[in-house]
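Visitor: Return atomic coordinates for the entry below.
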Amino acid sequence: MTGDVFRVRVYYEDTDCGGVVYYANYLRYFERARTELLESRGVDLKRLMEEGIFFVVAEASLKYRAPGRYGDILLIETVVDRIGPASITVGHRVVTSEGAHLVDAVVKLGCVGRDMKPLKIGHDIMKKLTVEG
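Guide: Alright, predicted model coming up:
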């Protein structure tokens, strides 16, 4: 996987009582990384929201390999794997700044309108996401 990389510092609030990253927090990290990826490719999420176009998580699959810990610097690598007519599938890989491989994930986003019904992804968005940034 060679995609955009988003850095996250693990704070105490991100961990359980043993200093290990709480498993669900990876979903938050992935959301931030996807937002950074989309924005860096010129997809203006705020403008899309104002127009009534939203990306929602339809599926998420995570494989935990090793624990992240308080104080770690995590590198969240994010890549667009597939773009369908109304969905985007994104891959994520989490490693520490020392190179320890922690988590792999695949997240499928659905494109929906205000009524939460599927919308076809516009050609302009598809073009921005298929061109390497």
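Visitor: Okay, now the unreliable bits of the chain?
Guide: Across the chain, the ranges flagged by pLDDT under 70 are 1, 131-133.
Visitor: for it, longest helix please?
Guide: helix 25-40 (DSSP state H).
Visitor: I'd like the next helix or strand past it.
Guide: In the C-terminal direction, the helix or strand that comes right after helix 25-40 (DSSP states H and E) is helix 45-50.
Visitor: What lies in contact with that next one?
Guide: For helix 45-50, contacts defined as CB atoms under 8 Å, 6 or more residues apart in numbering pick out 35, 38, 39, 54, 55. Where you see a C-beta, it was placed from the backbone N, CA and C, and this is true even at glycine.
Visitor: let's see 7 Å
Guide: The contact list for helix 45-50 (CB atoms under 7 Å, 6 or more residues apart in numbering) reads 35, 38, 39.
Visitor: Equivalent analysis for stretch 116-126, please.
Guide: Contacts of stretch 116-126 from elsewhere in the structure, counted by CB under 7 Å, 6+ apart, are 43, 53, 83, 85, 86, 110, 111, 112, 113.
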